[in-house]
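Q: mind folding the following:
(2 chains)
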2 protein chains.
Amino acid sequence: MPSELPTRVHIVEVGPRDGLQNEPEQIPTQGKIEFIQKLCAAGLPTVEATSFVHPKAIPQLADSGDVMSQLADVGDTEIMALVPNARGLERAIAADLKRIAVFTAASDAFTQKNINMSVAKSLDVFSDVVAGALAGGMSVRGYVSTAFVCPYAGEIDKSRVRDVCEKLIAMGCDEVAVSDTIGAAVPKDILGTVGHVLESIPLDKVALHLHDTFGTALANVYAGLQLGVARFDASAGGLGGCPYAKGASGNLATEDLVYFLDRMGIETGVNLERVFEASSGIAKVLNRVLPSKQWQRMRAIVPK
Amino acid sequence: MPSELPTRVHIVEVGPRDGLQNEPEQIPTQGKIEFIQKLCAAGLPTVEATSFVHPKAIPQLADSGDVMSQLADVGDTEIMALVPNARGLERAIAADLKRIAVFTAASDAFTQKNINMSVAKSLDVFSDVVAGALAGGMSVRGYVSTAFVCPYAGEIDKSRVRDVCEKLIAMGCDEVAVSDTIGAAVPKDILGTVGHVLESIPLDKVALHLHDTFGTALANVYAGLQLGVARFDASAGGLGGCPYAKGASGNLATEDLVYFLDRMGIETGVNLERVFEASSGIAKVLNRVLPSKQWQRMRAIVPK
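A: This next block holds a predicted model:
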C-alpha cells in the first residue's frame, strides 16, 4: 500500500446521467443543459452528461440527442455519455462525443434484471461497441456494477470483479469504474476487492463509483486513497436513486466529496461554491431538497 | 500506527442525553426510560442516560432524577450521566450513579457561549467535581468539545486539545472523549490531533465523539481505528442537533456505526436490530423520521 495519499484526484461527475435518470418527473431539456454547463464551469474535469439508451428504457433521458446538440460552453471539461449498444454508439458518434461509457456488472443476476443479459453476453455486446468507438477516435470507460454486494445475488467474489475489469481493459476501455451500486461496502471491501483488481490493472485505470446509502462512501474514498486510487465518481447534490430507502441518499454527493478532499489537502480543481450553484439550479427545477449534506449546509448559510 | 485494526470496539451510546437534549418538544419521562432500557437490551456497554444540569439550562432533561430513579432492567450496561457542577454531582450521587461525565472544550469561545466560563475556569470547577465523584466511588469521563474546529474560533490547535486531555486525565478522568462537535473533521484531522493526543495518553483512555454533519463520521471512525482507537460515541437513530443544517444529521448514528463495524468484522456486542427497535420507539414518541441511514433502510424493509 502506498504510504502517501494521492495529491490530486480526478472527479467524474455523474449527476446529469446517473442522478437524473432516477427522477420520476420529466425535466426540461434546457434545465439539463444549464445543469451540465454549470458543472463544467465548476471545474469538473469529466461530466457524464446523458445516456444514449432507448427512449423507452429510460424516458427521462429520451432527449439525450438534444442535450448534446445544444450543449455549449463546456470549457476544458470532457463530456461523456453512456452507450448501451450499437444503436447508442451511432447516436453518440452523431453527437460528436469523444468519450463514452459502457455498463456491465460483476453479477449475472444484476445484469439480467437491468439489461436483460448475462455478464458474459454484455461483454460480447460491448466488445463491438468499444471497437467501434475506438475506431471512431473515442475513448471508453467501463462500469462494473455490483462489485461488492448485489441486491439479488448477495456477496460478490473479488476474483469475479477482477475478471470483468480485465476483460473491459482488454477490449480497449481505458478506465474501469468499480461500483458499489447499493452502497453496502466498507473499507475492508475496498481493500479486498479493489486491492485485488489493482494487482492486474494499473492505478490510473481504476475509478471508484460509490453510493452513500449507509453513510460509508467517504470512508470508502479514504480506503481507496490509501490504495492510491485517484479517480472517484460523484453526483452533484447527491442526486441519484437508492434501491432501499426512499429519501435516503444514493450517489456520493460531489459537494461532500469536494469538501472532504479540500480539507484533506488533496487538489481537485473543482470549486465547491460553483458545484453548489449547479446543484441549486437543478434543485429548483426538481423543486426539492437534495440529499447532499454539504449542499444542505451551504443552502442554510448562503443568502438566498 | 498499529498495522492491525482493533478487533473489538466499545460503543458509548449518547442518544438519550446528547440526542434528546436538542429536541424542542418535552418528551414524557416514561418514553425516555423505555428508550434507555431498550438500548441496554441491545447490548450497548455504556449509555449516557441524562444530564444533571440545572432544569432551566436544558428543560428537556429536567426530569433526570425521575429517569434515573425509575430506570430498571439495564442488564450489564453501565449507565452514565453528564454532571456540570457540584450541585449536579449531589444529584448524581443521590441517583446512585457509578459513572459521570464532565464537559469542557478546546476552545474558550465555545465554553464561554455554552457554559459561560473559560476552558481553564471549567477545568477548575471540574477538578472539584471529579475529586468528589472519585471519593464517592464513581468513575469519570471528560468530554473535550470542539477538538478540531470551533464554530466561533475556527481551527483548533492540536497542542491545545492534548493539553486539555492531559488535564482531565490528571484530575482523575479515566477517559477523554475527543469531540468533533460540528462534524467538520476529516481523517487528516484525526491522524493529526488524535495522533498527537495519543503521544501522551494511552489508547484505552481515548474515545472519539463524532458528528456526521458533512458525511465524514465513518471515514473518521476508520482513521481512528487505524490509530488503534477502540472507543466511539454514537447516538441511536442519529438523534442530535446540528448547528448548521436544519434536518441534517448531527451525531454519528449508532445504527450506521454498528453496520460499519459489523461488516468490518469488528465486534461490538451490540445487536443492530435491537438498536433499531429502540430508535423506532423514540421515533414514535418524537413522531418523526430519524436521520440515521441504516435506520431509514431498516424502516423501509422491516414489516410494520
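
Q: so where do the strands sit in chain A?
A: A:10-13, A:46-51, A:78-82, A:99-105, A:139-145, A:149-150, A:154-155, A:175-179, A:206-209, A:231-234 (DSSP state E).

Q: helices along the stretch 51-200 of chain A, start to end?
A: A:64-70, A:86-94, A:108-115, A:119-135, A:158-170, A:187-189, A:195-197 (DSSP state H, counting those that start in this stretch).

Q: tell me how many other residues surround the closest residue to chain B within the stretch 1-150 of chain A.
A: Going by C-beta to the nearest C-beta, chain B is nearest to residue A:5 of the stretch 1-150 of chain A, at 8.8 Å. Every C-beta, even on glycine, is put in place using the N, C-alpha and C of the backbone. Neighbours of residue A:5 under the rule other C-beta atoms under 10 Å in any protein chain shown: 20.

Q: where does it land on pLDDT?
A: We note a pLDDT of 97 for residue A:5 in this prediction.

Q: could you find the closest non-adjacent residue to it?
A: Leaving aside its sequence neighbours, residue A:5 sits nearest to residue A:225 (C-beta to C-beta, 6 or more residues apart in numbering or on different chains; 4.6 Å).

Q: next, the contact list for the one you found, please.
A: A:5-6, A:9, A:264, A:266 (C-beta atoms under 8 Å, 6 or more residues apart in numbering or on different chains).

Q: please apply the same query to residue A:86.
A: For residue A:86, the contact set (C-beta under 8 Å, 6+ apart) comprises A:128-129, A:132.

Q: at 10 Å what do you get?
A: Taking C-beta atoms under 10 Å, 6 or more residues apart in numbering or on different chains, we find residue A:86 in contact with A:125, A:128-129, A:132.

Q: also residue A:165?
A: A:106, A:142, A:144, A:147, A:173, A:176-178, A:193-194, A:196-198, A:200-201, A:205-206.

Q: in PyMOL, select just the buried ones from the residues you listed.
A: Only the buried entries of the contacts of residue A:165 go into this PyMOL selection, using 16 or more other C-beta atoms under 10 Å in any protein chain shown:
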select buried, chain A and resi 106+142+144+147+173+176+177+178+193+194+196+197+198+201+205+206
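
Q: okay, residue A:134: pLDDT?
A: For residue A:134, the pLDDT comes out at 98.

Q: related to what we said a few turns ago, return the member of the contacts of residue A:86 nearest to residue A:218.
A: Closest approach to residue A:218 among these (C-beta to C-beta): residue A:129, at 33.2 Å.

Q: in space, what's closest to that closest one - neighbours in sequence excluded?
A: Residue A:129 sits nearest to residue A:89 (C-beta to C-beta, 6+ apart), 5.2 Å away.

Q: surely the one you found and residue A:102 touch.
A: Yes - when contacts are counted by C-beta atoms under 10 Å, residue A:89 is listed as touching residue A:102 (9.5 Å).

Q: overlap of the contact sets of the two?
A: Common neighbours of residue A:89 and residue A:102, counting by C-beta under 10 Å, 6+ apart, are A:83, A:129-130, A:133, A:140.

Q: so which of those comes closest to residue A:278?
A: residue A:83 (24.1 Å).

Q: show me what the residue nearest to that closest one when sequence neighbours are not counted is bridged to.
A: Closest residue to residue A:83 apart from its sequence neighbours, by C-beta to C-beta, 6+ apart: residue A:100 at 4.4 Å. For residue A:100, the beta-bridge partners are residue A:81, residue A:140 (DSSP bridges).

Q: look up phi and psi at the closest residue to chain B within the stretch 51-200 of chain A.
A: Closest residue of the stretch 51-200 of chain A to chain B, C-beta to the nearest C-beta: residue A:186 (4.6 Å). Note on residue A:186: its backbone torsions stand at phi -130, psi 170 [degrees, to the nearest 10].

Q: neighbours around it, how many?
A: Residue A:186: 24 surrounding residues under other C-beta under 10 Å.

Q: which residues are in contact with it?
A: Residues near residue A:186 by C-beta under 10 Å, 6+ apart: A:148, A:180, A:214, A:216, A:219-220, A:223, B:218, B:222, B:259-266.

Q: how about the residues of the stretch 51-200 of chain A near chain B?
A: With the criterion set to C-beta under 10 Å from any C-beta of the partner chain, the stretch 51-200 of chain A comes near chain B through A:148-149, A:182-189.

Q: one more time with 6 Å, if that's ok
A: The stretch 51-200 of chain A comes close to chain B at residues A:186-188, as judged by C-beta under 6 Å from any C-beta of the partner chain.

Q: any low-confidence regions in chain A?
A: Applying pLDDT under 70 to chain A flags the ranges A:1-3, A:241-249, A:302-304.

Q: show me what contacts residue A:255?
A: A:275, A:292, A:294-295 (C-beta atoms under 6 Å, 6 or more residues apart in numbering or on different chains).

Q: circling back to that earlier point, between the strands of chain A, which one is nearest to residue B:33?
A: Comparison of the strands of chain A against residue B:33 by C-beta to C-beta identifies strand A:149-150 as nearest, at 37.9 Å.

Q: neighbouring contacts of the closest one?
A: Applying C-beta under 6 Å, 6+ apart, the contact partners of strand A:149-150 are A:107, A:109-110, A:155-156, A:182, A:184.

Q: residues of the stretch 201-304 of chain A that sit close to chain B?
A: Residues of the stretch 201-304 of chain A lying near chain B (C-beta under 6 Å from any C-beta): A:214-216, A:218-219, A:222, A:244-245, A:248, A:256, A:259-260, A:263-264, A:293-294, A:296-297, A:300.

Q: so which of those are in helices?
A: The members of these that map onto helices under DSSP state H are A:218-219, A:222, A:256, A:259-260, A:263-264, A:293-294, A:296-297, A:300.

Q: mind putting those into TSV with neighbour count?
A: Below are those laid out as TSV (neighbours: other C-beta atoms under 10 Å in any protein chain shown):
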residue	neighbour count
A:218	29
A:219	28
A:222	24
A:256	27
A:259	24
A:260	27
A:263	18
A:264	21
A:293	28
A:294	29
A:296	24
A:297	24
A:300	14
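
Q: farthest pair in these?
A: Pairwise distances across those peak at 25.9 Å for A:222 and A:300 (criterion: C-beta to C-beta).

Q: before we move on, back to that, distance to residue B:284 for the strands of chain A - can I get that in TSV?
A: Below are these laid out as TSV (distance: least, C-beta to C-beta, whole Å):
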stretch	distance to residue B:284
strand A:10-13	40
strand A:46-51	42
strand A:78-82	43
strand A:99-105	39
strand A:139-145	37
strand A:149-150	30
strand A:154-155	32
strand A:175-179	36
strand A:206-209	37
strand A:231-234	35
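
Q: residue A:61 is nearest to which of the ones you listed?
A: strand A:46-51 (4.9 Å).

Q: for the closest one, which outside residues touch it?
A: Residues contacting strand A:46-51 (C-beta under 6 Å, 6+ apart): A:12-14, A:16-17, A:36, A:39, A:61, A:64, A:67, A:77-82.

Q: stretch A:127-136 too?
A: A:89, A:93, A:100, A:102, A:140, A:171-172.

Q: please identify the buried residues of that stretch?
A: In stretch A:127-136, counting by 16+ other C-beta under 10 Å, buried: A:127, A:129-130, A:132-133.

Q: likewise stretch A:273-280?
A: For stretch A:273-280, the neighbour count (16+ other C-beta under 10 Å) marks A:274-280 as buried.

Q: what do you get for stretch A:33-42?
A: A:33, A:35-42.

Q: can you redo those as CSV with distance to chain B?
A: Below are these laid out as CSV (distance: C-beta to the nearest C-beta, whole Å):
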residue, distance to chain B
A:33, 29
A:35, 22
A:36, 24
A:37, 27
A:38, 22
A:39, 20
A:40, 25
A:41, 23
A:42, 18
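
Q: residues near the residue nearest to residue A:129, how many?
A: Residue A:89 has 24 nearby residues by other C-beta under 10 Å.

Q: just the buried ones from the contacts of strand A:149-150?
A: Using 16+ other C-beta under 10 Å, the buried ones in the contacts of strand A:149-150 are A:107, A:109-110, A:156, A:182, A:184.

Q: which two in these are spaced the farthest apart?
A: A:109 and A:184 (14.9 Å).
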